[in-house]
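In: with the sequence up front, the predicted model follows.
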Amino acid sequence: MSYLKFNDVQKDYEGVRAVSHFDLGIERGEMVALLGPSGCGKTTSLRMLAGFVSVTSGSIFLDGRNITAVPAYSRNTGMVFQGYALFPHMSVAQNVAFGLEMRRLPKAEIGRRVTRALERVRLSALADRLPRQLSGGQQQRVALARAIVIDPAVLLLDEPLSALDARLRHEVRAEIRQVQQETGLTTLMVTHDQDEALSMADRLVIMNQGRIEQIGQPAEVYENPANRFVAEFMGKSNFIGGTVVEAGRFRCAASDTVFSCDTSRFTPGAEALLSFRPERARITATPPDTISGANVLAGELKTATYLGQSIEVSIATAGGQSFNILLPNSDAGLAAGLQPGSALHVSWAPADTRLLPV
Ligand SMILES: Nc1ncnc2c1ncn2[C@@H]1O[C@H](COP(=O)(O)OP(=O)(O)O)[C@@H](O)[C@H]1O
Ligand SMILES: [Mg+2]
């Protein structure tokens, strides 16, 4: 059995099913992110593991022990919240020591462990400062030191970066990941930010309305989304509705155009949703060579928006469908020459095409 296991866990608040059929195994030392829009049940799942919220049905196992009915204080979880929740009148070292003092550990051991935790988050030099004398990123590192100093069986992070500005967020996420890898702590993180989840976690759990939509490694989830929700939540996608004609061939319902793609998960005649990523497509004024085998759509330019790193191009087909294409900045010259109404061809490789269930 996995080190940490949610077994068909469900949570109902009066009349509201916050989490249902939650099944997840996490291996020792792994960092997993629960990712999904606000209200999808991420915090509730984390809090059921911490023991702050009771489980309506199902069970949770940690290191071979059924902890479903174990009170929060004896589950040995270390938690970092969105706000730092530091004691304002205590120094950094006192904040970190607090949990150990509550556990009545010997003074010498508390001193040793606090020193080591502050080294881990590289705050040794600031041990005597008060929280208000620290930056937001440093305060969050104190919160992290306070969570790891108790040597938790699992580290829980609930939107740990959301109080920080964009630049700091980038820095602190790398620090948290480094501390997690150095300590080898099994970690469950909650976030609504896909970049954060992609860059920090070994595996992602994509949630929607209390349910798990997909579990997988970051690249796996981005490259092979299980369904439309995941494809749209993890980045952007273009969609075309239609039916599978035969193996490898899909017909668009609106235009009768046929596209090539892997259809192996569908039978001929099945309705499906073709999708491709905006950054995997190209645009050209003339139709691309047919021998390239690319999928091609004809349309006209609606808008081209300069975004710095990239240029977002919106294209409308004669049938009224619209598609978004993301060109690299190196194509800025090409994009600058385009006028609204210019006839264009969008092309992308069959290998960059995914068929999803409708
Ligand atoms: N204490 C509570 N009482 C009633 N409903 C709650 C409570 N906490 C959360 N919920 C509801 O449960 C659902 C999931 O909430 P939550 O786990 O906080 O989502 P997330 O962390 O993904 O934003 C939401 O619909 C929310 O309104
Ligand atoms: Mg939340």
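Out: Sure, I can see it. Ligands and ions are numbered 1, 2, ... in the order given.

In: and the nearest residue to Gln133 once chain neighbours are set aside, how far from ligand 1?
Out: Using C-beta to C-beta, 6 or more residues apart in numbering and skipping the chain neighbours, the partner closest in space to Gln133 is Leu126 (8.0 Å). All C-beta spots, glycine's among them, are computed from the backbone N, C-alpha and C. The gap separating Leu126 from ligand 1 is 31 Å, by C-beta to the nearest ligand atom, to the nearest Å.

In: so Leu126 sits against Gln138, correct?
Out: Yes. With contacts counted by C-beta atoms under 8 Å, Leu126 reaches Gln138, the gap being 6.6 Å.

In: smallest gap between the stretch 251-358 of the chain and ligand 1, at which residue?
Out: Nearest to ligand 1 in the stretch 251-358 of the chain, going by C-beta to the nearest ligand atom, is Leu356, at a distance of 23.4 Å.

In: so that residue sits against Ala270, correct?
Out: No. In this structure Leu356 lies outside contact range of Ala270 using C-beta under 8 Å: 11.5 Å.

In: in the sheet, who's paired with the residue of the stretch 51-200 of the chain found nearest ligand 1?
Out: Residue of the stretch 51-200 of the chain nearest ligand 1, by C-beta to the nearest ligand atom: Val190 (6.2 Å). Beta bridges link Val190 to Leu34, Asp158, judged by DSSP bridges.

In: so what's it scoring on pLDDT?
Out: The confidence metric pLDDT takes the value 97 at Val190.

In: now it: how far from Asp128?
Out: 32 Å (C-beta to C-beta, to the nearest Å).

In: between those two, point out the one with more neighbours.
Out: The neighbour count for Val190 versus Asp128, taken as other C-beta atoms under 10 Å, is higher for Val190 (24 against 10).

In: contacting residues for the more buried one?
Out: Ala33, Leu34, Lys42, Thr43, Ser45, Leu46, Leu157, Asp158, Glu159 (C-beta atoms under 8 Å, 6 or more residues apart in numbering).

In: dihedrals phi and psi, the closest residue to the last one other than its chain neighbours?
Out: Using C-beta to C-beta, 6+ apart and skipping residues adjacent in sequence, the residue nearest Glu159 is Gln82, 4.3 Å away. Gln82 adopts backbone torsions of phi -60, psi -60, taken as degrees, to the nearest 10.

In: contacting residues for Gln82?
Out: Asp158, Glu159, Pro160, Ser162, Ala163.

In: how much space between it and Met189?
Out: Taking C-beta to C-beta, one finds Gln82 at 12 Å from Met189.

In: likewise for Arg141?
Out: Relative to Met189, Arg141 is positioned 16 Å away (C-beta to C-beta).

In: which one's more surrounded, those two?
Out: More crowded of Arg141 and Met189, by other C-beta under 10 Å: Met189, with 28 against 25.

In: my guess is the more buried one meets Ala201, correct?
Out: Yes. Counting by C-beta under 8 Å, Ala201 is a contact partner of Met189 at 6.5 Å.

In: can you list residues touching both of these two?
Out: Met31, Val32, Ala33.

In: quick one: contacts of the helix or strand hosting the second one?
Out: Spelled out, that is Val32. Assigned by DSSP states H and E, Val32 belongs to strand 31-35. In this structure, residues lying in contact with strand 31-35 by C-beta under 8 Å, 6+ apart are 24, 26, 42, 45-46, 177, 180, 186-194, 196-197, 200-207, 233.

In: alpha carbons only: can I get whichever strand or helix holds Val205 in PDB?
Out: Remark: Val205 resides in strand 203-208, with elements defined by DSSP H and E. The C-alpha coordinates for strand 203-208 follow below in PDB (Å, rounded to 0.1, in the frame of the first residue of the first chain):
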ATOM      1  CA  ARG A 203       2.500  14.400  -9.700                       C
ATOM      2  CA  LEU A 204      -0.600  16.500 -10.100                       C
ATOM      3  CA  VAL A 205      -4.200  15.700  -9.100                       C
ATOM      4  CA  ILE A 206      -6.600  17.700 -11.200                       C
ATOM      5  CA  MET A 207      -9.800  18.400  -9.300                       C
ATOM      6  CA  ASN A 208     -13.200  19.700 -10.400                       C
END
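
In: does stretch 192-200 reach ligand 1?
Out: No. Using C-beta under 6 Å from any ligand atom, stretch 192-200 never reaches ligand 1; the gap is at least 7.0 Å.

In: typo on my end, stretch 13-25
Out: Yes. Interface with ligand 1: stretch 13-25 contributes Tyr13, Val16, Ala18 (C-beta under 6 Å from any ligand atom).

In: can you give me the buried ones in that stretch?
Out: Buried residues in stretch 13-25, counted by 16 or more other C-beta atoms under 10 Å: Ala18, Val19, Ser20, Phe22, Leu24.
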